[in-house]
Structure formats: C-alpha cells, structure tokens
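Undergrad: The sequence and its predicted three-dimensional model are supplied below.
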Amino acid sequence: MRFFLLYLLFSGVIAARCQEVNVRVTASFSGKPLLLESFYQLPGGDSIAFDGVRFYISDIALYLGDKRVYTEKDSYHLVDVSDEVTTHFRVSATQHFDKIVFHLGIDSATSTSGALGGDLDPGKGMFWTWQSGYINCKIEGRSNRCPTRHHDFSLHLGGYSGADLAIQEIALPVSPGDIVINLPLDKFLAAIDLRRQHTVMSPGPGAVALSKTLAALFEVSR
C-alpha cells in the first residue's frame, strides 16, 4: 500500500496540498499605521489629516517566475481603511509562488456589465455613473496646503475607457507565508502637489496621472 501511494504521489495523481495564504492590506504614514482624522506633519510645517481612504484591489493572481499558479475567482475587494474587516482576505495556492499581481481599480468589462452586488454594489459609494464607471480609489482629507474653501481635498480616481483608462497593474515580489501589502501615503503626498492636485472628481488626465503615481508606491511589508 505504501509503495502504491508513493507511486500516485510522484505520478501526479494525488493533487498538491492547498496552501491558504492570508493577505492583509494596510495604509501607513511615515512608517506607522494610518489613523484617520489624525493630523500629520508635512515638510515645511504644513499639516494633513485623512478623512477616508478606500480603493479597489482586483484580479489577484500568484506567480512563480513568469508562470501563473493561482487566479482568484470573482476577484474584487473594496479596501476601506476605516473598516479592518475589509483589509483581510485569503487566497489559495497548490504550488509555490514568489510574486503577487493585482490591479488597482476595476476593469472596463466589469464597469459596463450592469448592476453588481457585494463589493461592487453601487450603494458602496464607489460608483459614478454608467458612463463613467467605478471610482477605483478615494482619498479624502484636509490640509492647509489646499487653497480650497475649507482646505479639503478629494481625490476620486477612476475611468475605464480610452485615454481615461485609470486601472493600474501592480506586481510585487513576495516570500513564503502570509502577505502584507502596504500603501505609504506619506510617499504619495511627497510625489504630488496638493496646492494644485487637490480636487479630482471625474475621469480624465488628472485621474490617470495620480493613479499611476499611487500604484507605483504599493509595497510588501516585511
């Protein structure tokens, strides 16, 4: 019996053991977990507070080198920094992997597929119109750098067609075990100018440019 089981194992008849991997998504400021509605110091003595940070992570896949070894089905996660439940999810893999790939935002096919539920429910507040599609990311807050009436900023980034396509692919190297993906918002603020880039409320060049800047900052926490 033992030799028969060994034969099945090496011949590939017995499926590889499924590995459950916990994925956690965080936001930080100056290396510490982001606290909403708390004021942070910016270079030059200015201050900033974040009232809300929400974004979609979708199309999650795991790779070993250039080979895709796992694709998550119905892969849409609305991450809300104010709700810890939304920042955790699990993926499964039957092979080793060394890279996680995902999108920041919602693809055009989903944006035009009609009313959807779960994290894609328009009632979640992350949907513009059928013409404009989903808001891939919302970052809102206050800073005395902003020349707006109440010094507030609203960055609603999205767009799913043509030159307004804002979805971004992100690929990060990972080690065996659970995965922590972090968005360092202090680096985002260092890469933009809130004096000019303080209000984006529709698809367009500004949303695309800020989406590219934001996507380049995602990192894996060790």
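TA: Arrived safely. Residues are numbered from 1 along each chain as shown.
Undergrad: On the three-state scheme, the residue nearest the centre of the chain is what?
TA: In the chain, the residue lying closest to the centroid (CA atoms, centre = their mean) is Ile57, at 4.0 Å. The local conformation at Ile57, judged by DSSP: H, G, I helix; E, B strand; the rest coil, is strand.
Undergrad: Just list whatever residues bridge to it.
TA: His77, Leu104 (DSSP bridges).
Undergrad: any idea how far it lies from Gly114?
TA: Taking CB to CB, to the nearest Å as the measure, Ile57 falls 22 Å from Gly114. In this view, the C-beta of every residue, glycine as well, is placed from N, C-alpha and C.
Undergrad: List the contacts of the residue nearest to the centre of the chain.
TA: Ile57 is in contact with Val25, His77, Val79, Phe102, His103, Leu104, Ile181, counting by CB atoms under 8 Å, 6 or more residues apart in numbering.
Undergrad: tell me which residues of the one helix or strand Leu189 maps to are tucked away?
TA: Following DSSP states H and E, the helix or strand that holds Leu189 is helix 185-191. Neighbour-count burial for helix 185-191 flags Leu185, Asp186, Lys187, Phe188, Leu189 (criterion: 16 or more other CB atoms under 10 Å).
Undergrad: Contacts made by it with the rest, please.
TA: 27-30, 34, 40, 42-43, 48, 50, 53, 139, 213-214, 217.
Undergrad: now do 10 Å
TA: By CB atoms under 10 Å, 6 or more residues apart in numbering, the residues outside helix 185-191 that reach it are 27-32, 34, 40-43, 46, 48, 50, 53, 81, 139, 141, 143, 145, 155, 184, 197, 210, 213-214, 216-217, 219.
Undergrad: Mind checking the pLDDT average for it?
TA: Here helix 185-191 scores 97 as its mean pLDDT.
Undergrad: ditto for stretch 78-93
TA: Across stretch 78-93, pLDDT averages out at 94.
Undergrad: so how far is the first residue of that stretch from its last?
TA: Start to finish, the residues bounding stretch 78-93 are 22 Å apart (CA to CA, to the nearest Å).
Undergrad: Assign Gly206 to helix, strand or coil.
TA: helix.
Undergrad: Then Leu214?
TA: Following three-state DSSP, Leu214 is assigned to helix.
Undergrad: got a list of what it touches?
TA: With contact set as CB under 10 Å, 6+ apart, Leu214 has these partners: 55, 104-105, 136-137, 139, 155, 157, 166, 168, 170, 183, 185, 187-188, 191-192.
Undergrad: Could you turn the buried ones of those residues into a PyMOL selection?
TA: Buried members of the contacts of Leu214, defined by 16+ other CB under 10 Å, are picked up in PyMOL with:
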select buried, resi 55+104+105+136+137+139+155+157+166+168+170+183+185+187+188+192
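Undergrad: Any regions of the protein where pLDDT drops low?
TA: Scanning the chain for pLDDT under 70 picks out 1-17, 115, 222.
Undergrad: can you give me the helices for it?
TA: 2-11, 108-111, 185-191, 205-215 (DSSP state H).
Undergrad: ok now the longest one, how far from the chain's centre?
TA: What that stands for is helix 205-215. 13 Å (CA atoms, centre = their mean, to the nearest Å).
Undergrad: buried stuff in that helix?
TA: So helix 205-215, judged by 16+ other CB under 10 Å, has buried residues Gly206, Ala207, Val208, Leu210, Ser211, Thr213, Leu214, Ala215.
Undergrad: I am finished for the moment; much appreciated.
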